[in-house]
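Participant: Structure for this input, please:
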Amino acid sequence: MNLSYIVPRRRGRTWLALAGVLALSVGCDTNDLVDVDDPAALRPEEVLNAGAVPALVNGAFRQFLGGYSGLGLDDAFLSGSAVLTDETYYGDTFTTREAADKRNLQPVVLGNITDNAFSRLMQARFNARRAFAVVEQFPSDPGGDDAYKARLRTIEGYVYVTLSEGWCGAVPFSRMPDAGLIDPATIEYGESLTTDQMSDTAVDRFDEALSYVGTDRLALMGKARALLNLGDFAGAAAAVATIPTDYVFLLEHSVNLGSENNPAASLQQNGRYGVANLEGGLSSTGAALRSDLNTHPLTAPSAEGLPFRGLRDPRVPWQARPGNGRCFSSAIFCWWNNNYFNFEADVPLASGVEARLIEAEAALQAGNDSLMMARLNALRASVATLLPRLYPGQIQRFFNAGGGVSLDPLTDPGAGLATPAERFEARRALLFQERALWLYHTGHRLGDLRRLVRHYGFTASQVFPTGPHFRGGTYGTDVSYPVPFNEQNNPLYDPSDCVTSQA
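Facilitator: Okay, here's the model as predicted:
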C-alpha cells in the first residue's frame, strides 16, 4: 500500500511567480532561494488544519484521475479496459500490452499494465478517507464542509466502481486509521470483496455523499453505474432521473506537465494503441482478420468486436497516425481516436448522455421498447451539440452531406420479429452498440461486456474477442485484471480467489 499524501498541481498554475516574489524579499543567501517545501511530500501532521482541506481533496481526486485516466505517458484503467475489450489493439512490442490485448494476462509476479492504476486507486481511497477526517476535525463553513464530504465519499465510490469493473471478483481492501500518524504497524488487513460486494460498497459511499449534498450529480451518476452493475436497472434509472442530458463531468488534462497530459493521446501518438475494428473476426480464408486493416470493413465472420472504424460514426472519429500511418511496431497500422486528439483533451467520466443510456436499458428490461427507442433517438438527434460537450477538443472526421454532424434516427430492430426472445435480443444488441459508440474509450466498455455475461446470459467468448489474434497466437480467456503481486503481503488475501476468467 502506498500511503503518501499527494497534493496536485492545478491547470495553468505555476510556483515560479511565487518564487520570484520571494527572491525580492530575501538577502543574498542563495541557499534560501532554493530552500522550499515540496507540496507533494508533506508529512501528514503538516496538513492537519482547515486550510489544507482543498489541497487534500484535490490530492485524493488527482490520485483517482491517475488510476482511472492516467498521468501522462502511462497505462491506467482507461487504456487497460480498452485494450482488454474490443476498443483498441496494441501497436508496440511490450509484453504487458500484448498480454492484455490477447486476453492472456501475465502472472502477477511479472506485472500487468494496470498495476499502477490499482495502486493509485487504493491511494485515492486512502487519501479520501484521511481528508474526510480532517474536514470533520476542523469544521468551518457547514455548506462548504458538506460539499467536501460529498466529493470525498464520491471519490471513494468511484474507486469501488472502477475496481469492480476492471479487476477480478476478489479484491482485498485494507485500511489504516483515518486520523493520526501513518504507521504501517496500524494497517488493518481486509478480506477480499466480490464484484457485487464492491458495487454494494460503492452504492453505500454514494448514498453517504448524497446525504451531504442530495443533488450531487457526480454521486448520482456513480450510484446509477454501480446499480447497473448489480442488475438493479430500475434503481439506476431512478438515480439519474434529474440529470440533464447536457451534463458532463470531465477528468481534466493539460499540457503544463508531462504527468498532466492525456494518456490516451500520449499513448496513441507514440504508436502504442490504435482504434480497433471487428476484433476477433476472420478473413474470407479463415485467418485472423487484421484489426488494423486499412480497408475498415463493416462485417467479418465470427467477429465479437464492433466495427468501430467501419461505421465511420461521428462519436468515434479516427484518422491514420500522421507520417506513414504505422504504429511503434512498423508492421502495424495505427488509427488515432480523435476524441483525444491532443495532450489537453479531457475524459468524460460521467454525463447526461450516460444517464439517458441507463434509462434506455431500464426501459429495455421493463419491456418498454418505445421508451428505449425514444431515449436513443433523442440522443442521436442532439449529437451535434452533445459531442462538443463530451469532447471539447474533438477533431471531427465524419460529416453529413451538408457538412455537419448528424445521426439518422433508428428504427426498432425488434419490430416484426417472431418471438419475445428475438425481439429482446435485437433491441439489446442495438442498445449496447449505442452505448459502445457514445461511451467509446471512456472506461465503460469492460464493465458492459462483463455485465452481458452476468446479467444477460452470454458466455465470455460470445462478447469478448476470441480465436486467432492478428499478430500471432490466440486470444485467451481473461475478462478482468488480477490484483498486483504486492497485495500478497495481506494474510487475509488468497490470490487463488482472483479468477480473471470469470465475469
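Participant: so what's the backbone phi/psi at residue 185?
Facilitator: Phi and psi for residue 185, reported as degrees, to the nearest 10, are phi -70, psi -20.
Participant: Then residue 249?
Facilitator: Backbone torsions for residue 249, taken as degrees, to the nearest 10, come to phi -110, psi 120.
Participant: just residue 347 next, same as before
Facilitator: According to degrees, to the nearest 10, residue 347 has phi -110, psi 120.
Participant: can you tell me which residues contact it?
Facilitator: Contacts for residue 347 (Cβ atoms under 8 Å, 6 or more residues apart in numbering) come out as 68-69, 78, 250-251, 253, 262, 264, 340, 442-443. Placement of C-beta: from N, CA and C, glycine included.
Participant: which among those residues gets closest to residue 392?
Facilitator: residue 250 (7.8 Å; Cβ to Cβ).
Participant: Only C-alpha atoms, please: export the host helix or strand of the closest one in CSV.
Facilitator: Per DSSP states H and E, residue 250 falls inside strand 248-251. Presented in CSV, the C-alpha positions along strand 248-251 are these (Å, rounded to 0.1, in the frame of the first residue of the first chain):
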residue,chain,number,x,y,z
VAL,A,248,-20.7,16.3,-18.3
PHE,A,249,-18.1,15.7,-15.6
LEU,A,250,-14.7,15.8,-17.2
LEU,A,251,-11.4,14.4,-16.0
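Participant: Which helix runs longest in this protein?
Facilitator: When the chain is parsed with DSSP state H, its longest helix is helix 142-166.
Participant: what about the helix or strand just after that one, average pLDDT?
Facilitator: Scanning forward in sequence from helix 142-166 by DSSP H and E, the next helix or strand is strand 171-172. The predicted model assigns strand 171-172 a mean pLDDT of 98.
Participant: partners of strand 171-172 in the sheet?
Facilitator: Sheet pairing here is set by DSSP bridges, and for strand 171-172 it gives strand 192-193 (antiparallel).
Participant: How about residues contacting the partner strand?
Facilitator: With contact meaning Cβ under 8 Å, 6+ apart, strand 192-193 is reached by 170-173, 201, 492-494, 497-498.
Participant: now do 7 Å
Facilitator: 170-173, 201, 493, 497 (Cβ atoms under 7 Å, 6 or more residues apart in numbering).
Participant: Stretch 215-235 now?
Facilitator: Identification of contacts with stretch 215-235 by Cβ under 7 Å, 6+ apart yields 150, 154, 157-158, 161, 164-165, 196, 199, 202-203, 206-207, 209-210, 236, 239-240, 243, 247, 249, 350, 354-355, 358, 361-362, 365, 447, 451, 455.
Participant: Generate the ChimeraX command that creates a selection of the buried members of those residues.
Facilitator: Buried residues among these (16 or more other Cβ atoms under 10 Å), as a ChimeraX selection:
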select :150,154,157,158,161,164,165,199,202,203,206,209,210,236,239,240,243,247,249,350,354,355,358,361,362,365,447,451,455
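Participant: In terms of secondary structure, what does the longest helix of the chain contact?
Facilitator: In terms of contacts (3 or more Cβ pairs under 7 Å, 6 or more residues apart in numbering; DSSP states H and E), helix 142-166 is packed against helix 53-68, helix 77-84, helix 115-137, helix 195-212, helix 217-230, helix 445-456.
Participant: Distance from the chain centre to the second one, please.
Facilitator: Pointing back at helix 77-84 there. Centroid displacement of helix 77-84 relative to its chain, using Cα atoms, centre = their mean, to the nearest Å, is 8 Å.
Participant: buried ones in the helix or strand just after that helix?
Facilitator: Downstream of helix 77-84, the first helix or strand assigned by DSSP H and E is strand 88-90. The neighbour-count criterion (16+ other Cβ under 10 Å) identifies 88-90 as the buried residues of strand 88-90.
Participant: And stretch 482-493, by the same measure?
Facilitator: Buried residues in stretch 482-493, counted by 16+ other Cβ under 10 Å: 482-484, 487, 490, 493.
Participant: what do you get for stretch 408-420?
Facilitator: Buried residues in stretch 408-420, counting neighbours by 16+ other Cβ under 10 Å, are found at 412-414.
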